[in-house]
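Participant: no FASTA, just this:
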């Protein structure tokens, strides 16, 4: 009996678990932009999201989640697949936006969207967010905030 295919699958599965779990091999297999901002992986990021600790995500975790969303949704939309990778500066600005608006849980996101539509002035838009996404298609007029544009910027840019 040839055990080579089975062994290859086991090694591949082990490497996947090791990388996803952040065993220290990340630096060998992940781009620099995903290991230079506080660390983390998809498992730690996912745990923070489901446990209401979204504002404690690291820069790396935000970028990993954005990459994963782009990859997943890119199968449905060529436009989403073509979005550029999130930069360190954009991830930091996105985190600042999350923290400034108290978006620590999925429920907080839902309430935020509803509240933002009713009261656009309640949305806190850090200057860093405007600067970090200045080269994107979405523009924010600080004097006349369009909630849909802000939501497009924050949510689409994170994919």
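Facilitator: Thanks, I have it. Keep in mind it's a predicted model, so treat the numbers as computed, not measured.
Participant: CA atoms for contacts and neighbours, from now on please.
Facilitator: Fine.
Participant: which residues in the protein form helices?
Facilitator: Residue ranges of the helices in the chain, as given by DSSP state H, are 4-20, 26-29, 42-50, 59-74, 78-81, 88-100, 106-118, 127-132, 147-151, 157.
Participant: what separates residue 46 from residue 112, distance-wise?
Facilitator: Distance from residue 46 to residue 112, counting by Cα to Cα, to the nearest Å: 20 Å.
Participant: those two: who's more crowded?
Facilitator: residue 112 (18 against 15; other Cα atoms under 10 Å).
Participant: which ones are touching that one?
Facilitator: Contacts for residue 112 (Cα atoms under 8 Å, 6 or more residues apart in numbering) come out as 101, 103.
Participant: mind running it again at 10 Å?
Facilitator: Residue 112 makes contacts with 101-103, 106, 118-119, 122-123, as judged by Cα atoms under 10 Å, 6 or more residues apart in numbering.
Participant: ok, now residue 124?
Facilitator: 96-102, 116.
Participant: show the pLDDT at it.
Facilitator: Listed pLDDT for residue 124 reads 89.
Participant: quick revisit: rebuild the contacts of residue 124 as CSV, extending it with neighbour count.
Facilitator: Putting the contacts of residue 124 into CSV (neighbours: other Cα atoms under 10 Å) gives the following:
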residue, neighbour count
96, 19
97, 21
98, 22
99, 16
100, 14
101, 18
102, 15
116, 19
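Participant: quick one, domains of the protein?
Facilitator: Domain assignment of the chain by automatic domain parsing yields the ranges 1-30, 33-157.
Participant: by mean pLDDT, show me the worst of these.
Facilitator: Across those, the lowest-scoring stretch is domain 1-30, with a mean of 53.
Participant: closest one to residue 65 out of the contacts of residue 124, please.
Facilitator: Using Cα to Cα, residue 98 comes nearest to residue 65 of these, at 14.3 Å.
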